[in-house]
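Novice: predicted coordinates and the sequence they were generated for:
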Amino acid sequence: MVAATGTDPPAGAVTLDDDERELVTLELRTLLPALRDDRQARYERLRAAVDAGVVPGELAGELASLCELTLQTARARQLYRAEGEKILTDLLRRTPRGRELAKQISDVNAALKALEGHAVDSMSVRMRTIGHFTVTVATEAVTLTLAVRPDTINVESVEVGQAE
């Protein structure tokens, strides 16, 4: 259900439905006492926007960060079950950060498509440092390396032709 605002939200704004407002409000109640100064002020502004049902574009980053924190720590699943996790994931997808993640995934899938129809010669996973891994898939025609971090996945390199 989408909150009725009576007007279209400004460009870049994220309109929240009642379920999203409830979960974000609960998370803000937990987060706000731990924040200080400018961060607390920004998240207080986010709380006011959530109460109104529309988060303006300039606070969409804070909304995305709150969703990411709740999802990455498994708090969403523990407290709000699968339904709450889905609600917050769908909300994150509607933020600029969520759209950026969707573009990264689309770019990776487009690069993986280059491997279709080719026999895989080798695959490997390496750790650059904790939380930063690479996945390399090589065929006779293409070697693709993906960089995987906790909150991103990118195509690191594409080599055409067989490496010597």
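Specialist: Everything's here; your move. The shown structure was predicted, so the numbers you read here are calculated from the model rather than taken from an experiment.

Novice: average pLDDT across stretch 12-21?
Specialist: Stretch 12-21 shows an average pLDDT of 96 in the prediction.

Novice: quick one: buried residues of it?
Specialist: Residues 13-16, 19-21 are the ones in stretch 12-21 that count as buried (16 or more other Cβ atoms under 10 Å). The way it works is simple: take the backbone N, C-alpha and C, and place the C-beta from them, glycine included.

Novice: now do it: distance to the chain's middle.
Specialist: How far stretch 12-21 lies from its chain's middle: 16 Å, per Cα atoms, centre = their mean, to the nearest Å.

Novice: which of the helices or strands spans Leu28?
Specialist: helix 18-31 (DSSP states H and E).

Novice: how long is stretch 66-82 from one end to the other?
Specialist: 17 Å (Cα to Cα, to the nearest Å).

Novice: re the thing from before, with respect to Glu159, which of the buried residues of stretch 12-21 is nearest?
Specialist: Val14 (39.6 Å; Cβ to Cβ).

Novice: what's opposite that closest one in the beta bridge?
Specialist: Beta bridges link Val14 to Val55 when assigned by DSSP bridges.

Novice: that one contacts Gly61, doesn't it?
Specialist: No: contact criterion Cβ atoms under 8 Å: Val14 and Gly61 do not qualify, at 10.8 Å.

Novice: any common contacting residues for the two?
Specialist: The contact sets of Val14 and Gly61 overlap at Thr95 (Cβ atoms under 8 Å, 6 or more residues apart in numbering).

Novice: hmm, back to that, buried ones in the helix holding Leu28?
Specialist: In helix 18-31, counting by 16+ other Cβ under 10 Å, buried: 19-21, 23-24, 27-28, 31.
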